[in-house]
Structure formats: structure tokens, C-alpha cells
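J.: Next input, structure requested:
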Amino acid sequence: MLQPTKNKSFYCVGLSYQKADATMRGMFSLTPEDKDSLLTQAKKEGFEELLLIATCNRTELYGYAEHPFQLIHLLCEYSKGSVDDFQKVGYVIKSKEAVQHLFQVGTGLDSQILGDFEIIGQMKQAFALSRGKGLANAFLERLMNSVINASKRIKNETALSSGAASVSFTAVQYIMQNVPDVSQKSILLFGVGKIGRNTCENLIKHTQNEHITLINRTREKAEQVAGKFNVVVKDFADLQTEISQTDVLIVSTGAAMPTVHKHFINPERPILILDLSIPKNVDEQVKELSNVTLLHMDELSKRKDEALERRKEAIPHALQIIEEVKNEFYQWLDNRKFAPTIKALKAKLEGLKEAELDYQRKKITDFNEQQAEVVANRIIQKITTHFVNHLKDTSSLDESIDWLQQVFQLEEV
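T.: Just a heads-up that it's a prediction; the model follows:
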């Protein structure tokens with residue numbers, strides 16, 4: 001059992017694209033300030049380890065708790081979602097199933113676009129945040145390192161990441177297939193976060209379009225992206241004007257409320273709008289305009305292509321790698337569980353050795369203390385090694401540990 005702390009179990013609580021639509025995921029989305037506050041509060045409440053994963057596709061908390069509601073309450077307290085909302089679309093996963101889930105999330109098996117490996121970078125950032133708050137101890141660190149190892153192996157040993165398949169690439173693919181003469185069209189990219197940067201790169205690489213404009217609330221960030229690519233940067237104040245003149249609008253901002261509204265759109269000009277944001281950043285009323293085609297990332301992710309079909313074939317191999325790495329993690333966890341008992345056993349044997357050497361020292365005139373010490377230490381090492389091997393192989397670890405503690409009257413040190 002994953003239960004190094006008495007009366008606590010390891011849980012994952014969260015929601016994802018699989019059951020929660022973009023609107024509901026938006027309710028549980030967290031700003032950087034929200035994440036910081038949530039982890040700070042968790043530390044105050046006595047959580048020893050906690051991992052918070054918050055992306056456009058999922059919001060999840062992993063940690064030890066007496067009851068999953070402790071984690072659900074934290075999530076609802078720092079998001080706009082309620083407990084009732086969570087009960088409709090959320091999930092609670094416990095113990096080994098929660099560990100398996102973390103492996104599948106971190107290796108792209110549970111991504112909205114199968115094999116999307118951007119998630120592992122986001123998880124590394126999440127872990128760094130937890131560690132900075134003092135919420136990442138030996139268990140979580142070892143678990144995260146195991147997930148990272150599995151991700152690397154799957155990327156190198158399978159075809160799960162073969163071909164281009166990501167939200168940003170799927171968006172560009174849709175544009176290329178549905179916008180005639182795309183290289184001559186005006187394209188406006190609003191928001192230059194990670195998805196925005198990747199979309200910009202894919203647009204340039206695949207469309208040969210020289211009419212791309214970037215707008216971001218912080219112009220400096222847009223200029224940094226524009227410096228890598230030959231694109232135009234406009235001020236945030238120009239957003240409405242630029243939207244009224246563009247053929248394709250891609251929105252990928254992190255705003256909490258819609259930033260693109262119906263009155264921004266020129267009703268006389270056909271426009272394709274792709275909203276890659278969570279929460280949605282394009283007001284639903286935009287759909288009322290007959291000249292607008294509006295798609296959200298959830299609709300784009302359902303599109304099937306050859307790259308995704310090839311990736312599906314790699315799933316069994318990926319799951320096999322996860323099983324191998326996960327078993328190594330559980331071996332470490334078991335070793336960690338019985339380590340205090342072995343340490344206590346060794347201390348007990350050391351005490352018996354010292355008592356016996358002291359007795360023989362007084363009894364034997366020419367007692368060879370150095371030789372006796374060597375022999376006694378070798379015997380202690382052999383005894384502890386036998387017990388270590390037994391504990392590694394036993395299917396009843398808890399019972400064996402209890403037996404050892406009773407027979408040798410051990411007090412863990």
C-alpha cells in the first residue's frame with residue numbers, strides 16, 4: 001500500500017478534457033497567483049507533499065490526505081469551481097491507481113492529443129513550484145523522477161511522439177486545409193504564451209505566410225517572439241482594428257474572461273477564429289455572425305490524422321515501459337519502508353556485539369579484540385543482508401516487518 005503516513009492515502013483529485021468541457025475547465029483554471037496561494041495554504045494546513053498540475057486540458061492535485069475532500073476543498077477554494085461542479089465532472093483516484101494516472105499523464109498517454117509531450121515540461125514546472133514551497137519530499141521527488149524517466153524512454157523507444165501532433169499543429173493543419181490561398185491571407189495571433197509561440201512557429205514553417213501579426217497584452221513578450229520570426233507586432237490597443245482586417249484569428253491568451261467580443265468583428269468580412277484558450281477567450285455571441293467560423297481547441301483535438309493513428313499503435317509498448325519504471329519505483333518505496341527496521345536491527349545486533357566483546361574481553365586473557373570485531377561485523381552484515389533479501393521478495397511486507405520488530409524488540413532509529 002502507498003501509505004507511509006498513518007491514516008493517510010495518496011490521492012489524485014481533478015478534472016480533465018475527457019469529461020469537463022472548456023467552460024467547466026475554465027471554472028477550475030488557476031492563475032499563477034492562485035497556484036501560489038493554494039500551495040501556501042496547503043503548507044499551512046499540514047500537507048507534507050502536494051503536486052498541482054494546471055494546464056488548458058486538466059487541473060489536478062496529487063498528495064497524501066486523510067480524505068480526498070481535503071484536496072477537493074483546496075481546489076475549489078482557489079478556483080471559481082464549486083464542490084457541486086466538481087462532483088459533476090471531477091474524479092478521485094487513490095493509491096496505486098493515482099500513481100498509474102500520473103505516469104499516463106506525464107507520458108502523453110492521457111493528453112488531449114495523444115503523445116503530446118509538452119505536458120512533461122509543465123509537470124517539471126509544477127514540481128519546481130511544490131519544491132519551492134517545501135511540499136516535495138523524498139516520495140514525490142522519486143515519483144516525479146520516475147515519470148520523467150518513463151517519458152524519456154517512451155519518447156526515445158516508441159513512436160508515441162512520431163509525426164507532428166499537438167494543439168498548435170492541429171490548428172495550423174486545420175487552417176491549411178480549410179483556408180484557400182492561406183499564404184496570402186492576413187493572420188492575427190493574439191497571445192504569445194507557449195501555445196501561441198508554437199502556433200506562430202508552425203504557421204511560418206507550414207504556410208509560408210508573410211502576413212502574420214502578433215498582439216499580446218505585454219508588447220515586450222510579443223516582440224521577443226517576433227524577433228525569432230519575421231512577423232509584425234501591434235499594440236494591444238489595436239486589437240479591435242486588427243481583428244476587423246484579418247482573415248484568420250488565433251486566440252491563445254490566459255485571460256480569465258473573454259477578450260474577443262462580437263462587436264470586434266467586421267460583419268462584411270469572412271473570418272476563421274480558432275480559440276486555443278482555457279478559459280474560452282472568444283465570446284460565444286460571436287457565433288451569431290454568419291461570416292464567422294469559430295472553433296475551440298476541444299473541437300480541433302477530435303480531428304484524426306495519420307500521425308495520431310501511428311501513435312495509437314505505440315500505446316502497448318508505452319504501457320510496458322511505464323510498468324517497468326513503475327515497478328522500480330515500488331521497489332524503492334518498499335525498500336524505503338523497511339529501511340528503518342533494518343537500521344534498528346543493525347543497531348540491536350551492534351549492541352549485542354559490544355556486550356559480548358566486553359564479556360569476552362574480561363574472560364579471555366589474550367583476547368584478540370581486532371579479529372573478533374572483524375568476525376562479528378561480518379556476521380552482522382550477513383544477517384542483515386538475509387533479512388533485506390527476504391523483505392525485498394516477500395509478498396507480506398508489513399507482516400514480516402512486524403515479526404522482526406517483535407522478535408528483536410526493535411525501536412526504529
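J.: could you pull out the helices for the stretch 101-250 of the chain?
T.: For the stretch 101-250 of the chain, helices defined by DSSP state H, counting those that start in this stretch occupy the ranges 118-132, 138-157, 167-178, 194-207, 219-228, 239-244.
J.: Show the pLDDT at the closest residue to Lys8 other than its chain neighbours.
T.: Spatially, and ignoring its direct neighbours in sequence, Lys8 is nearest to Tyr64 (4.4 Å; CB to CB, 6 or more residues apart in numbering). Yep, even glycine has a C-beta here, placed from its N, CA and C like the rest. Note for Tyr64: predicted pLDDT of 95.
J.: just checking, Tyr64 touches Gly46?
T.: No - using CB atoms under 8 Å as the test, Tyr64 is too far from Gly46 to be in contact (10.3 Å).
J.: Between those two, which has more neighbouring residues?
T.: Tyr64 (21 against 8; other CB atoms under 10 Å).
J.: Doesn't that one lie inside a strand?
T.: Yes - assignment of Tyr64 by DSSP: H, G, I helix; E, B strand; the rest coil places it within a strand.
J.: Please name the bridge partners of it.
T.: Phe10 (DSSP bridges).
J.: hmm, back to that, out of the helices of the stretch 101-250 of the chain, which comes closest to Gln370?
T.: Closest to Gln370 of the helices of the stretch 101-250 of the chain, according to CB to CB: helix 138-157, at 38.0 Å.
J.: Give me the contact list for that closest one.
T.: 4, 49, 51, 62, 99, 102-103, 106-108, 117, 120, 123-124, 127, 130-131, 136, 160-161, 314, 317-318, 321-322, 325-326, 328-329, 332-333, 336 (CB atoms under 8 Å, 6 or more residues apart in numbering).
J.: how close does the residue nearest to Lys8 get to Thr384?
T.: Distance from Tyr64 to Thr384, counting by CB to CB, to the nearest Å: 29 Å.
J.: what pLDDT does Lys194 get?
T.: On pLDDT, Lys194 comes in at 81.
J.: list the contacts for it?
T.: Contacts for Lys194 (CB under 8 Å, 6+ apart) come out as Glu118.
J.: could you measure it against Cys56, distance?
T.: Distance from Lys194 to Cys56, by CB to CB: 10 Å.
J.: Also Asn266?
T.: Remark: distance between Asn266 and Cys56 (CB to CB) = 28 Å.
J.: Check the secondary structure at Leu15 for me.
T.: Looking at Leu15 with three-state DSSP, the answer is strand.
J.: Confirm for me that Val179 is in contact with Asp247.
T.: Yes - judged on CB under 8 Å, Val179 makes contact with Asp247 at a distance of 7.0 Å.
J.: Select only the buried ones of the contacts of helix 138-157 in ChimeraX?
T.: This is how ChimeraX selects the buried members of those, with burial counted by 16 or more other CB atoms under 10 Å:
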select :49,51,62,99,102,103,106,107,108,117,120,123,127,130,131,136,160,161,314,318,321,322,325,326,329,332,333
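J.: Show me the shaky parts of the chain.
T.: 1-6, 162-165, 303-307, 412-413 (pLDDT under 70).
J.: So in it, which helix runs the longest?
T.: Scanning the chain for the longest helix, with DSSP state H as the assignment, gives helix 315-363.
J.: What angle do helix 138-157 and that helix make with each other?
T.: Relative orientation of helix 315-363 and helix 138-157, computed by axes from the mean of the first three to the mean of the last three CA atoms, to 10 degrees: 140 degrees.
J.: For Thr259, see how far away the residue of the chain most remote from its centre is.
T.: The C-alpha centroid of the chain is most remote from Thr365, which lies 67.2 Å away (CA atoms, centre = their mean). Here the criterion is CB to CB. By it, Thr365 lies 93 Å from Thr259.
J.: Same check on Gly26?
T.: For Gly26, the distance to Thr259 - CB to CB - is 13 Å.
J.: likewise Pro279?
T.: From Pro279 to Thr259 the distance is 10 Å (CB to CB).
J.: do Asn137 as well
T.: The gap separating Asn137 from Thr259 is 40 Å, by CB to CB.
J.: For these two, indicate the residue with more neighbours.
T.: Thr259 (19 against 13).
J.: Quick test: name the residue nearest the centre of this structure.
T.: Met123 (3.6 Å).
J.: which residues sit in contact with the closest residue to Arg217 other than its chain neighbours?
T.: In space, Arg217 comes closest to Phe236 once its chain neighbours are excluded; the distance is 5.1 Å by CB to CB, 6+ apart. Listed by CB under 8 Å, 6+ apart, the contact set of Phe236 reads Ile215, Asn216, Arg217, Arg219.
J.: Nice, that's everything, thank you.
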